[in-house]
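Visitor: requesting a structural model of the entry that follows:
(chains A and B)
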Amino acid sequence: MAESVVLAPPAAAAAAVPDCVIRAEKLNVIFSAADQPVTALADVDLTVARGDFVSLIGPSGCGKTTLLRAIADLAPITAGTLTVNGMTPGAARMARAYGYVFQAPALFPWRNVIRNVTLPLELTGMGKAEREIRAMENLSLLGLRDFGKKFPWQLSGGMQQRVSIARALSFKPELLLMDEPFGALDEITRDNLNLHLHELWARTGLTAVFVTHSIPEAVFLSTKIVVMSARPGRVLRVIDSPLPRRRGLDLRESPDFIAVAHEVRAALREGHSYD
Amino acid sequence: MTRILAPVTVFGALIILWYGGAYVLNAPQAAALMDPDQPRNFWAVVQASWSMDRPELPTPDQILSSLYYSIFNYPLASPRNFLLQTAYTAEAAITGLVIGAALGIGLAIGIVHSRVLDRSLMPWVITSQTIPILAIAPMVVVALGNIGCTGLLPKAAIVGYLSFFPIAVGMVKGFRAADSLQLDLMRTYDASGPQVFFKLRWPSAVPFLFPSLKVAVALSVTGAIVAEIPTGAQVGLGARLLAGSYYGQTDMMWGALVLASALALGMIGVVRLGEASVRLSRGGRL
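Guide: Purely as a prediction, here's the structure:
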């Protein structure tokens, strides 16, 4: 695995294409299992430009979470190249280049909201006053200004996930990686959080990679939708969204939105994802 | 209402059973010792069986009055004062508990962080508890005595041997209570090993620490009493128990038992206080 990482282009080469945040070429991730190795990702090519909101969509087992974890250096690469900000995923992780939001909020129940959000900064040795100022900024962005002293179990599921997004913003990363963050929430909460997330992205100019099962969610949020299929996990089609960058929930009723959703659905069907 | 009524009822029933038991066990002897000229009705025999000098089973009031007498009629430094005995036992129990807790937590840290230790140590940890403490205690005393360790240390070692077990088992589970997402999260922050331990594993293990400590407290008092027997201790609740059984002084034995349970209750109380303060610092939930 280490050998394949050496193949990554040096930082200088990536600087020539400064707008490329993530670049994957012929990326393979193979897990060794008891009976036979499982190919989670086969020859995946992907580029994510600065300011993009990219959704990875596909059926269970298509490797979308694995791809996100590989970008975050949480899953080892078997072959191919993958760069994040022109660095190897490992170097990018150590440079704290991204914020990661998991399927579950994964908050620490013994810490109140503020102390959950300041945790990453605490690890860097930042002073208490400074970290709390930064945490309050991020909590305000997510509309949680008044909830700093609450404990996770005192919040609803949607609020907990908002706290975890605020926490992911702690290092002021330019890249936000999200693994089905709203999968466990009801649809009303989900719509609301989609709007929150869209505004956060539009306002901050973040680059985002977002794993989801939901077609409307992917279409609503993304500038680019990557449709994947399973066994082995591969990229089926990349759809550049023609929708405007600034969006409101009523966009979802527009013919353009429905057309993009239809295209995604057709691509999924093509990959026999409904089997 | 039932919150008060239920324990009071159970307590009352136990007391009645106790007096009944004292009558059944003591009556034959008490009747034999009675003055032949005295009228022998049932009530006289009952009274005699409840006020013997050396009863088979002393009544609660006899135990309490003998405790009261020992505590208030002798100076604190006198070996006849039960408080001095309790203090000796408490010293061994608490020192041993601290040793046991440190050992248990240390082992759990090793077991959680190293697969080799997990495989090689855990069977020994479990085996250690299958050996009766009565068999191992004299060996510990002799071995430590040979290297010049006498007094408190051998007793504390025996207590530590007993009390490390629930703490090791509980803390292994506790240190593994951090879920994989939380561990991944720490990895995305590029957290160091000690940071993962102190910011994630230790706080997730704390809820497991208190129940383990409560079990360990109970074992530590038992252990301290057992440890006094092979060490030939002259002072301590265990020594009192032994002396009481030699001389047929059941009130002395029961007095030692009452104080031993009071000691354990007091130590449990301290653990609960610690638990409550951690709970408070976590917003009311552990």
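Visitor: now do the helices in the stretch 1-150 of chain B.
Guide: B:2-33, B:42-49, B:60-73, B:82-113, B:115-128, B:133-146 (DSSP state H, counting those that start in this stretch).
Visitor: excluding its backbone neighbours, what's nearest the residue of the stretch 151-275 of chain A found nearest chain B?
Guide: Closest contact between the stretch 151-275 of chain A and chain B, by C-beta to the nearest C-beta, is at A:F151 (3.8 Å). Backbone N, C-alpha and C define where each C-beta goes, glycine included. Of all residues not flanking A:F151 in the chain, B:G283 sits nearest, at 3.8 Å (C-beta to C-beta, 6 or more residues apart in numbering or on different chains).
Visitor: just the element for the one you found, please.
Guide: Counting by DSSP states H and E, no helix or strand carries B:G283.
Visitor: equivalent analysis for A:R69, please.
Guide: A:R69 belongs to helix A:64-71, assigned by DSSP H and E.
Visitor: helices or strands up against that helix?
Guide: strand A:20-31, strand A:38-49, strand A:53-57, strand A:79-84, strand A:175-179, strand A:207-212 (3 or more C-beta pairs under 8 Å, 6 or more residues apart in numbering or on different chains; DSSP states H and E).
Visitor: could you export those strands as TSV, including mean neighbour count, mean pLDDT and distance to chain B?
Guide: As requested, the helices and strands packed on helix A:64-71 are arranged in TSV below (neighbours: other C-beta atoms under 10 Å in any protein chain shown; pLDDT from 0 to 100; distance: least, C-beta to the nearest C-beta, whole Å):
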stretch	mean neighbour count	mean pLDDT	distance to chain B
strand A:20-31	20	91	15
strand A:38-49	19	90	16
strand A:53-57	25	95	18
strand A:79-84	22	92	12
strand A:175-179	24	95	9
strand A:207-212	26	95	14
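Visitor: returning to that earlier point: what's near enough to touch the residue nearest to A:F151?
Guide: Applying C-beta atoms under 8 Å, 6 or more residues apart in numbering or on different chains to B:G283 gives the contacts A:N112, A:K150, A:F151, A:Q154.
Visitor: so how far is A:V113 from it?
Guide: Applying C-beta to C-beta, to the nearest Å, the value for B:G283 to A:V113 is 10 Å.
Visitor: again with A:L123
Guide: Counting by C-beta to C-beta - A:L123 and A:V113 are separated by 18 Å.
Visitor: do B:S245 as well
Guide: 60 Å.
Visitor: these two - which one has more neighbours?
Guide: A:V113 (26 against 12; other C-beta atoms under 10 Å in any protein chain shown).
Visitor: wait, that one sits on A:K149?
Guide: Yes - using C-beta atoms under 8 Å, A:V113 is in contact with A:K149, at 7.1 Å.
Visitor: low-confidence ranges in the stretch 151-286 of chain B?
Guide: Within the stretch 151-286 of chain B, no stretch has pLDDT under 70.
Visitor: just the stretch 151-275 of chain A next, same as before
Guide: For the stretch 151-275 of chain A, the ranges with pLDDT under 70 are A:272-275.
Visitor: residues in it within reach of chain B, list them.
Guide: When proximity is defined as C-beta under 8 Å from any C-beta of the partner chain, the stretch 151-275 of chain A approaches chain B at A:F151, A:W153, A:Q154.
Visitor: and if we set it to 6 Å?
Guide: Counting by C-beta under 6 Å from any C-beta of the partner chain, the stretch 151-275 of chain A comes close to chain B at A:F151.
Visitor: which stretches of the stretch 151-275 of chain A form strands?
Guide: In the stretch 151-275 of chain A, the strands defined using DSSP state E, counting those that start in this stretch lie at A:175-179, A:207-212, A:224-229, A:234-240.
Visitor: and those strands as a markdown table, adding distance to B:G12?
Guide: Compiled in a markdown table, the strands of the stretch 151-275 of chain A are given as follows (distance: least, C-beta to C-beta, whole Å):
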| stretch | distance to B:G12 |
| --- | --- |
| strand A:175-179 | 61 |
| strand A:207-212 | 64 |
| strand A:224-229 | 72 |
| strand A:234-240 | 76 |
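Visitor: among those, which comes closest to A:V101?
Guide: With distances scored as C-beta to C-beta, the stretch of the strands of the stretch 151-275 of chain A nearest to A:V101 is strand A:175-179 (4.3 Å).
Visitor: how about stretch A:129-143, does it get close to chain B?
Guide: No - using C-beta under 6 Å from any C-beta, stretch A:129-143 never reaches chain B; the gap is at least 13.1 Å.
Visitor: pLDDT (mean, whole number) over that stretch?
Guide: Rounded to a whole number, the mean pLDDT of stretch A:129-143 is 91.
Visitor: what comes up buried for it?
Guide: Within stretch A:129-143, the residues scored as buried using 16 or more other C-beta atoms under 10 Å in any protein chain shown are A:R131, A:E132, A:R134, A:A135, A:M136, A:N138, A:L139, A:L141, A:L142.
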